[in-house]
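Enquirer: below is the sequence, then the predicted model.
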Amino acid sequence: MSTDCSNRYAFEAEWYDKIACMLKKFYVYYYPFDNTVELFDLKTKKTFLRRTTCEGIMAKDFYVGGVITIFSRCIKITGYADAYTKTKLEMQLQKVFVLLKPGVIDYMGEILKDITNYDFCITNIKMTMLTVNNIEECGFAKDVIDKEFVINYLISGPVVALELLGGNGIVRWQELAGSEDIKKACLTTASSLRTLYEKDEIHNAVYGSKDPETAIKESQYFFRDSKSKSKNLRNTATLQNCTCCAIINDIQKAGFAITAVQQFYINPINCEEFLEIYKGVLAEYAAMVTELQSGPCIVMEVTHKDENLNIVANFRDLCGPMDPEIARQVRPNTLRAKYGKTKVQNAVHCSDLTEDGILEVEYFFKILDGR
């Protein structure tokens, strides 16, 4: 085990070994200056993986609650392993809870783009329908003059909850969001989210945590782990005339509506189950399973206002050919042409058959989400 602590970060982590049917606990050591990692097994008190470079891992992936993939093993970071790492990273990265309100859901893609362009990392996302009880528990209508109007607005349609990480996150979020006074925001921050998307002080665009402590509490309320999911927060999947895909890009601009969205970490068994239709059909099946479990996926229910439209076929056309190289040659404006790398890392999964659209959405939003 390496002893140089001054240039490394140390984390507590765990990985479920499905062969041994055992949850294994580790120390994960990350060396940012050369992007290497090392694993130390806490049970055997021995080095599990000597210090090495792992493709696809970056400094921004190391935070409590995050999942990193090291040689096909999905390892969840559960805590800090020393005071140095805790102090250093909590100074560098601050958690912010953000709520996109009903009036801006149609602009969700643009707002997410604005957020990431402002050097925030989106570490979790979920679309949900709030109840009056949710609003009261979170205090979203606390100390407001027009409380009834605010509550009615928040329950009038879906909202999108976000967990962000960024340097000096709370202050920088307030800069990006702009003043809560829409007139002041228009005068002082012309490019802020509230200036660009807000209608008035009641039908305002976004909410963000005012301090780090509140951010942690709000994130825990909306993003509970699978063992303690809040049954008071339901997803918004309609399970009608829809298709499913695993990444957010230019879907809204193409005329499609996103009626449910949520981040999932998919374990190996569920990956094999979800992609089973391709087993024995595509030579890339095993690699596709490995890729799907390698990190978080953003899963969406995609619909269209035209109920007569074959949503699966039309969305498949937007995604383009499975091979990004072919897509760039024959259909350069498709999602895979613009964002895909290889036949395995091709940016999006979409339902291939009409009858699979609803089944795939149900798989994520009813079965895996436990609703």
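Expert: Cool, got the structure. Numbers count the residues shown, from 1 in each chain.
Enquirer: check which helix or strand covers the closest residue to Tyr80 other than its chain neighbours.
Expert: Closest residue to Tyr80 apart from its sequence neighbours, by C-beta to C-beta, 6 or more residues apart in numbering: Lys86 at 3.9 Å. Just so you know, the C-beta spots here come from the backbone N, C-alpha and C atoms, and that holds for glycine as well. Lys86 is part of helix 83-92 when elements are defined by DSSP states H and E.
Enquirer: report the distance from that helix to the chain centre.
Expert: Counting by C-alpha atoms, centre = their mean, to the nearest Å, helix 83-92 is centred 23 Å from the centre of its parent chain.
Enquirer: so for it, what's the average pLDDT?
Expert: Helix 83-92 shows an average pLDDT of 88 in the prediction.
Enquirer: sheet partners, orientation included, of the helix or strand that that helix is followed by?
Expert: Moving toward the C-terminus from helix 83-92, the next helix or strand (DSSP H and E) is strand 94-100. Here strand 94-100 has these sheet partners by DSSP bridges: strand 159-166 (antiparallel), strand 206-208 (antiparallel).
Enquirer: can you redo the ones you listed as JSON lines with distance to Glu362 and mean neighbour count?
Expert: JSON lines is the format used below for these (distance: least, C-beta to C-beta, whole Å; neighbours: other C-beta atoms under 10 Å):
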{"stretch": "strand 159-166", "distance to Glu362": "21", "mean neighbour count": "24"}
{"stretch": "strand 206-208", "distance to Glu362": "31", "mean neighbour count": "21"}
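Enquirer: got JSON lines for the ones you listed, with mean pLDDT too?
Expert: Formatted as JSON lines, those follow (pLDDT from 0 to 100):
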{"stretch": "strand 159-166", "mean pLDDT": "94"}
{"stretch": "strand 206-208", "mean pLDDT": "94"}
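Enquirer: now render the ones you listed as CSV, adding distance to Pro296.
Expert: As requested, the strands paired with strand 94-100 are exported to CSV (distance: least, C-beta to C-beta, whole Å):
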stretch, distance to Pro296
strand 159-166, 11
strand 206-208, 22
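Enquirer: of these, which is nearest Lys341?
Expert: Smallest distance to Lys341 across these (C-beta to C-beta): 24.7 Å, for strand 159-166.
Enquirer: poorly predicted segments of the stretch 201-350 of the chain, please.
Expert: Scanning the stretch 201-350 of the chain with the threshold set as pLDDT under 70 gives 201-202, 225-232, 234, 238-249.
Enquirer: what about 90?
Expert: 201-204, 223-250, 265-269, 290-291, 293-297, 307 (pLDDT under 90).
Enquirer: where along it do the helices fall?
Expert: Taking DSSP state H, counting those that start in this stretch, the helices of the stretch 201-350 of the chain run over residues 212-222, 268-274, 285-292, 311-319, 324-330, 335-339.
Enquirer: closest to Asp34 out of those?
Expert: helix 285-292 (24.9 Å).
Enquirer: circling back: which residues does the helix holding Lys86 contact?
Expert: 5, 9-11, 62-63, 80, 167 (C-beta atoms under 8 Å, 6 or more residues apart in numbering).
Enquirer: please write out the alpha-carbon positions of that helix in PDB.
Expert: This file holds the C-alpha atoms of helix 83-92, laid out as PDB (Å, rounded to 0.1, in the frame of the first residue of the first chain):
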ATOM      1  CA  ALA A  83      -9.300  14.100   7.000                       C
ATOM      2  CA  TYR A  84      -7.000  15.400   4.300                       C
ATOM      3  CA  THR A  85      -9.300  14.200   1.500                       C
ATOM      4  CA  LYS A  86     -12.400  15.400   3.300                       C
ATOM      5  CA  THR A  87     -11.100  18.900   3.900                       C
ATOM      6  CA  LYS A  88      -9.500  19.200   0.500                       C
ATOM      7  CA  LEU A  89     -12.500  18.100  -1.600                       C
ATOM      8  CA  GLU A  90     -15.100  19.800   0.500                       C
ATOM      9  CA  MET A  91     -13.300  23.000  -0.100                       C
ATOM     10  CA  GLN A  92     -13.000  22.300  -3.900                       C
END
